[in-house]
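> can you look at this prediction? I've put the sequence above it.
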Amino acid sequence: MRRRQLIVARMLLVCCGLAVGLGLCELALRLSGIAYPLPYTPDVHVGSRLQPGFQAWFTKEGRAYVRVNQAGFRDRHHRLEKPPATLRIAVLGDSFAEAVQVSQDETFWSVLERTLAGAPELAGRQVEVLNFGISGHGTAQQLQMLRHYALAYRPDIVLLAFFAGNDVRNNCRELEPDDVRPFFLLNDGQLVLDDRFLTHPAFVKANAAATRRKVAAINACRLLQLANEWKNRPPPRGGGTSYFEPGVDDLVFAVPQDSAWRNAWEVTDALVIELNRETRRRGARFVVATVTQAVQVHPDERLREAFAAQLGVPDLRYPEQRLAALGQTHDFQVIPLADAMLRQAVSRDTFLHGFNNTQPGTGHWNAAGHRLAGTLIAESLRGDPSWEQTLP
């Protein structure tokens with residue numbers, strides 16, 4: 001009996017020691033600001049979006065405390081009904097619009113709202129910029145987002161923040177490794193929704209009660225977040241991925257040479273045209289702003305030239321030129337940001353992408369990048385001939 005009591009006592013001592021050790025590790029992670037939360041929830045229209053009411057620190061790239069509104073978007077609350085004398089802009093985009101790397105006040109859409117609110121021609125009016133950006137979304141999901149969520153807010157302008165670095169790939173099942181998302185196919189020139197993701201095992205599992213409990217547990221514990229991050233860290237991708245930074249595709253800067261990239265661009269063109277068409281049907285104006293890839297606005301000219309030479313292209317303007325031609329043909333405004341942002345980066349010898357905890361000049365926009373992008377978009381909107389007709 002005494003031997004058993006001694007064994008039990010030792011086991012309790014070990015368990016207490018482990019509990020104290022784990023508690024100290026959890027405290028250390030929290031004090032150091034290390035967090036890898038899981039903010040996403042499955043969605044039958046767009047594949048995934050943010051959990052309504054979610055809030056957490058994001059520190060993987062940059063550092064920001066992120067709050068999600070009750071509609072499931074990283075933004076403050078907006079009434080569904082548009083207030084009188086209000087200019088509403090709905091922003092569609094991916095991680096550059098979700099922008100968990102910076103505080104909400106520093107995002108380009110917040111800068112855009114403040115800049116337009118100070119415009120003389122908007123005196124006596126309110127400006128609301130609503131953010132519908134979700135990390136990982138491509139143009140197919142942004143069309144679905146417009147249809148099922150954004151248009152309900154009756155925007156005057158729909159702004160597509162187009163990131164060529166992976167938006168084109170996202171729209172092609174053959175190129176996109178994550179197939180738990182809606183795609184569109186071209187059939188005799190018409191877009192046809194491919195929603196096979198609804199029966200995908202991963203989507204079904206994500207909807208299960210057990211998965212939701214697991215996600216809630218991970219979000220409550222930094223140690224579990226760290227373990228989950230290491231477990232699910234994606235392997236390096238091959239093919240058309242970038243040697244400059246992971247998660248983007250170099251081949252988007254070249255005229256498409258193979259059937260997969262030709263199809264990806266053709267579907268992307270058709271999706272942008274449909275976004276314009278559906279926006280106009282609701283009496284709103286459609287605008288595209290081309291989000292920069294880090295290498296496009298890197299202040300080191302030699303690096304940019306070496307990158308273009310490796311690709312065998314004269315410059316890094318192909319996506320913007322293609323979208324500009326599309327806008328001219330279908331009568332919507334395209335705001336190319338790369339050249340103007342590059343001039344600022346070079347003149348100030350500064351990085352518009354990258355953070356203190358990442359490699360400078362890579363990844364997402366930092367606060368300076370967002371500030372410049374928001375200002376340039378506001379100036380371009382105001383300088384367009386259709387601006388006055390847009391105002392409420």
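Perfect, thanks for sending it. Keep in mind the model is a prediction, meaning the values are calculated, not measured.
> quick one: average pLDDT of stretch 170-184?
Mean pLDDT, stretch 170-184: 95.
> and the contacts of that stretch?
Contacts to stretch 170-184, defined as C-beta atoms under 8 Å, 6 or more residues apart in numbering, come from residues 45-48, 94, 136-141, 143-144, 169, 191-197, 200, 202-203, 206, 237, 239-240, 249, 260-261, 263-264, 267-268, 270-271. Placement of C-beta: from N, CA and C, glycine included.
> sketch out the low-pLDDT regions of the stretch 201-350 of the chain for me.
The model of the stretch 201-350 of the chain has pLDDT under 70 over residues 234-247.
> quick one, longest helix in this protein?
Assignment by DSSP state H gives helix 2-32 as the longest helix of the chain.
> residues near residue 382, how many?
With neighbours defined by other C-beta atoms under 10 Å, the count for residue 382 comes to 16.
> relative to residue 24, how far out is the residue nearest the centre of the chain?
Residue closest to the average C-alpha location in the chain (C-alpha atoms, centre = their mean): residue 95, at 1.7 Å. Distance, residue 95 to residue 24, using C-beta to C-beta, to the nearest Å: 33 Å.
> and for residue 336?
51 Å.
> strands along this structure, start to end?
Applying DSSP state E to the chain gives strands spanning 40-43, 47-50, 55-58, 64-67, 86-92, 126-131, 157-163, 183-187, 190-194, 285-291, 333-336.
> looking at those, which is nearest to residue 379?
strand 333-336 (9.1 Å; C-beta to C-beta).
> and that closest one, what other elements does it pack with?
Secondary-structure packing of strand 333-336 (3 or more C-beta pairs under 8 Å, 6 or more residues apart in numbering; DSSP states H and E): strand 285-291, helix 318-330, helix 367-383.
> coming back round to it: next, the buried residues of the longest helix of the chain.
Residues of helix 2-32 classed as buried: residue 29 (neighbour count, 16 or more other C-beta atoms under 10 Å).
> and for stretch 79-86?
Those buried within stretch 79-86 under the rule 16+ other C-beta under 10 Å are residue 82.
> same thing with stretch 333-343?
333-338, 340-342.
> could those go into TSV alongside distance to residue 164?
Output for the buried residues of stretch 333-343, formatted as TSV (distance: C-beta to C-beta, whole Å):
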residue	distance to residue 164
333	17
334	12
335	14
336	11
337	11
338	10
340	16
341	14
342	15
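> not counting sequence-adjacent ones, nearest residue to residue 271?
Nearest residue to residue 271 in three dimensions, chain neighbours excluded: residue 139, at 4.2 Å (C-beta to C-beta, 6 or more residues apart in numbering).
> residue 388 too?
residue 121 (7.4 Å).
> show me the contacts for the one you found.
Here residue 121 is in contact with 382, 388, 391 (criterion: C-beta under 8 Å, 6+ apart).
> export these to JSON lines and tack on pLDDT and distance to residue 175?
Shown next, in JSON lines, are the contacts of residue 121 (pLDDT from 0 to 100; distance: C-beta to C-beta, whole Å):
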{"residue": "382", "pLDDT": "96", "distance to residue 175": "37"}
{"residue": "388", "pLDDT": "90", "distance to residue 175": "41"}
{"residue": "391", "pLDDT": "90", "distance to residue 175": "40"}
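> how about those residues in JSON lines, adding distance to residue 113?
Shown next, in JSON lines, are those (distance: C-beta to C-beta, whole Å):
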{"residue": "382", "distance to residue 113": "13"}
{"residue": "388", "distance to residue 113": "19"}
{"residue": "391", "distance to residue 113": "15"}
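> give me the contact list for stretch 39-59.
Outside stretch 39-59, the residues within contact range by C-beta under 8 Å, 6+ apart are 33-35, 37, 63-74, 98, 100-101, 134-137, 141, 144-145, 147-149, 180-182, 197-198, 203, 206-207, 219, 357.
> let's see that with 6 Å instead.
Contact partners of stretch 39-59, identified using C-beta atoms under 6 Å, 6 or more residues apart in numbering, comprise 33-35, 37, 64-68, 70, 72, 100, 134, 141, 144-145, 148, 180-181, 197, 203, 206-207.
> low-confidence ranges, the stretch 51-200 of the chain, go.
In the stretch 51-200 of the chain (pLDDT under 70), no residue qualifies.
> and the helices in it?
95-98, 108-117, 139-148, 164-170 (DSSP state H, counting those that start in this stretch).
> okay, the angle between the third one and strand 86-92?
It stands for helix 139-148. 150 degrees (axes from the mean of the first three to the mean of the last three C-alpha atoms, to 10 degrees).
> for helix 139-148, packing partners?
Contacts defined by 3 or more C-beta pairs under 6 Å, 6 or more residues apart in numbering; DSSP states H and E place helix 139-148 against helix 259-281.
> let's see 8 Å
Using 3+ C-beta pairs under 8 Å, 6+ apart, helix 139-148 is in contact with strand 86-92, strand 157-163, helix 164-170, strand 183-187, helix 259-281.
> if you count neighbours, what's buried in the fourth one?
Residues of strand 183-187 classed as buried under the neighbour-count rule (16+ other C-beta under 10 Å) are 183-184.
> distance from the chain centre to that strand, please.
Distance of strand 183-187 from its chain centroid, counting by C-alpha atoms, centre = their mean, to the nearest Å, is 22 Å.
> walk me through which strands it pairs with, and which way each runs.
With DSSP bridges as the test, strand 183-187 is paired with strand 190-194 (antiparallel).
> buried residues in the partner strand?
Those would be residue 191, for strand 190-194 by 16+ other C-beta under 10 Å.
> what about it, distance to the chain center?
Its chain's C-alpha centre and that of strand 190-194 lie 23 Å apart, by C-alpha atoms, centre = their mean.
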